[in-house]
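**Q** no sequence for this one, just the structure:
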Ligand SMILES: Cc1cc2nc3c(=O)[nH]c(=O)nc-3n(C[C@H](O)[C@H](O)[C@H](O)COP(=O)(O)OP(=O)(O)OC[C@H]3O[C@@H](n4cnc5c(N)ncnc54)[C@H](O)[C@@H]3O)c2cc1C
């Protein structure tokens, strides 16, 4: 502590980092001194990059030093977190600097990989030029069809739907009759958003003449065919997919087999004092900006409470808010998938649902929350709403639809419930190693797993599970 101020070091310059900075500043004010360590000088609003190849929009960038220095200030160090000596409360950077901290928030995001050799992986701005080339080939007739495909069910799905819809409209607009496919392992399109989301997107895909193939997980690209897990091929000239993510394997921090950091539902890293993590870097299996922000809020509240600020820190309770960019009016989606009946969300196994509230799925053509940003961060959305810093106190993110009624059961089971559901998704494709790793992360959230999932994990680890569910046959999802 310097004086009575807590020195909080935040590693990262993305959604979780900026959200935790804003939340801490709002909750703890001058009682925290914040240092942000980031290899980038800019915060790029990545979700909007999907529109750039179609010249429909341009993703904004925001100078991190302006965000950090706003209202009382903080320090931006242009460097990267290399390792942590938790026992000494020291973060070590890539340049060798040792930064002492009272609390450390690791928000360094994930590393994006290509899941499907032969396909174009769309990760953001760096892939816009390649996507443009694919569109040009389709317009020139040197390619006649394109498949937009989701690599796994628990990949954040919205960008692939946006790309499919915008590609279809772009091609029609230029008088091309090239075919556009949307191929997804989900049982229903936008399955995570429940029946309201699926109904809405089906109509949109139909209106744009996008061919939809569900329950189909891409396995490999071979010549002019996309080969599906479990057999079957779709003949297409080009394939576009989304990245597969792994964690950054930072020294001095625990990690699961994929490099992600297991955290509890307040973002605490087990066994380490005053070290927290939020966002894509954590072992929570669904990587999404809105969720990264919600995790960051849980961390900020925990730190504020430990400072003695009168607040009851809320655990991370995932709420999905998605804003789908389309050719016409945007589509707003809101869901709490963990509260939807399992047969709707599609897990193959008859696991009892802890509770089910149909109101947990909502789709509309008008904003369902304020500010109606693509990344629905409680502090980040309103902060960026006018593309410059603005006072937050009276303008936090607010839902414009009724949330599902409060539940009598322990709400802090929500994050674990969603993680269990996503583990079942991996398992139904025969991806047992991934499913077992997701359960490790789910266990960290609350310190326990329900008994049936302890059994499942044992079985998945030894792959002694029947493969007769028709979804997949090997642990890598290939035929
Ligand atoms: C094409 C696409 C579209 C998307 N659309 C949406 C959407 O519409 N809505 C939505 O909510 N989500 C969307 N997402 C997901 C969303 O972008 C991520 O989930 C979100 O950015 C995760 O936030 P994060 O802070 O954990 O990680 P990131 O935003 O990736 O930020 C990580 C930061 O850490 C920095 N960093 C990396 N290594 C280090 C280190 N060693 N030390 C210090 N800093 C480091 C990086 O430079 C970066 O600034 C989309 C993703 C993609 C790929």
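**A** Yep, that arrived. Because the structure is a prediction, the values reported are computed rather than measured. Residues are numbered from 1 along each chain as shown.
**Q** host element of whichever residue of the stretch 51-200 of the chain sits closest to the ligand?
**A** With Cβ to the nearest ligand atom as the measure, the residue in the stretch 51-200 of the chain that lies nearest the ligand is residue 109; the distance is 2.7 Å. Placement of C-beta: from N, CA and C, glycine included. Secondary structure assigned from DSSP states H and E places residue 109 in neither a helix nor a strand.
**Q** for residue 313, same thing?
**A** Residue-wise, residue 313 maps onto no helix or strand under DSSP H and E.
**Q** Who are the contact partners of it?
**A** Contacts of residue 313 were listed using Cβ atoms under 8 Å, 6 or more residues apart in numbering, and they are 266, 298, 301-302, 304-305.
**Q** and the residue of the stretch 251-400 of the chain found nearest the ligand, backbone torsions?
**A** Taking Cβ to the nearest ligand atom, the ligand has its nearest neighbour within the stretch 251-400 of the chain at residue 279, 2.3 Å off. With angles defined as degrees, to the nearest 10, residue 279 sits at phi 90, psi -160.
**Q** count of neighbours near it?
**A** By the other Cβ atoms under 10 Å criterion, the neighbourhood of residue 279 contains 31 residues.
**Q** just checking, it touches residue 13?
**A** No: counting by Cβ atoms under 8 Å, residue 279 stays clear of residue 13, with 11.4 Å between them.
**Q** Helices of the stretch 201-350 of the chain, residue ranges please.
**A** 289-306, 342-345 (DSSP state H, counting those that start in this stretch).
**Q** tell me the most buried of those helices?
**A** Comparing the helices of the stretch 201-350 of the chain by mean neighbour count (mean count of other Cβ atoms under 10 Å), helix 289-306 comes out on top with a mean of 26.
**Q** and the residue nearest to residue 439 when sequence neighbours are not counted, what does it touch?
**A** Spatial nearest neighbour of residue 439, excluding adjacent residues (Cβ to Cβ, 6 or more residues apart in numbering): residue 457 at 4.6 Å. With contacts taken as Cβ under 8 Å, 6+ apart, residue 457 has the following neighbours: 436, 439-440, 449.
**Q** which one of these has the most neighbours?
**A** Most surrounded of the contacts of residue 457: other Cβ under 10 Å gives residue 439, at 26 neighbours.
**Q** Count the neighbours of residue 243 for me.
**A** The criterion is other Cβ under 10 Å. On that basis, residue 243 has 21 neighbouring residues.
**Q** now residue 125
**A** There are 15 residues near residue 125, going by other Cβ under 10 Å.
**Q** Now for it: which residues touch it?
**A** Residues in contact with residue 125 (Cβ under 8 Å, 6+ apart) are 44, 46, 49, 52, 59.
**Q** Hmm, residue 329 is touching residue 367, no?
**A** No: between residue 329 and residue 367 no contact is recorded; they are 10.6 Å apart, counting by Cβ under 8 Å.
**Q** Just want to know which of the two has more residues nearby.
**A** In terms of neighbours (other Cβ under 10 Å), residue 367 is the more surrounded of residue 329 and residue 367; the figures are 15 against 10.
**Q** Check which helix or strand that one maps to.
**A** Counting by DSSP H and E, no helix or strand carries residue 367.
**Q** is it true that it touches residue 332?
**A** Yes: using Cβ under 8 Å, residue 367 is in contact with residue 332, at 5.7 Å.
**Q** quick revisit: could you provide the contacts of residue 313 in CSV, with additional columns for distance to the ligand and pLDDT?
**A** Rendered in CSV, the data for these read as follows (distance: Cβ to the nearest ligand atom, whole Å; pLDDT from 0 to 100):
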residue, distance to the ligand, pLDDT
266, 17, 97
298, 13, 98
301, 17, 98
302, 17, 98
304, 20, 97
305, 22, 97
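**Q** so can I have JSON lines of these showing distance to residue 114?
**A** Written out in JSON lines, the entries for these read as follows (distance: Cβ to Cβ, whole Å):
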{"residue": "266", "distance to residue 114": "34"}
{"residue": "298", "distance to residue 114": "32"}
{"residue": "301", "distance to residue 114": "37"}
{"residue": "302", "distance to residue 114": "36"}
{"residue": "304", "distance to residue 114": "40"}
{"residue": "305", "distance to residue 114": "42"}
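**Q** centre of the chain versus stretch 362-381, how much separation?
**A** Centroid separation between stretch 362-381 and its chain, computed with Cα atoms, centre = their mean, to the nearest Å, is 15 Å.
**Q** Just the buried positions in it, please.
**A** Buried residues in stretch 362-381, defined by neighbour count with 16 or more other Cβ atoms under 10 Å: 362-364, 368-381.
**Q** again with stretch 194-202
**A** Those buried within stretch 194-202 under the rule 16+ other Cβ under 10 Å are 194-201.
**Q** contacting residues around that stretch?
**A** When contacts are taken as Cβ under 8 Å, 6+ apart, the neighbours of stretch 194-202 outside the stretch itself are 161, 188-191, 212, 322, 324, 331, 333, 335, 337, 340, 344-345, 360-363.
**Q** Please repeat the previous calculation with a cut-off of 7 Å.
**A** Contacting residues not belonging to stretch 194-202 are listed as 161, 188-191, 331, 333, 335, 337, 340, 344-345, 360-363 [Cβ atoms under 7 Å, 6 or more residues apart in numbering].
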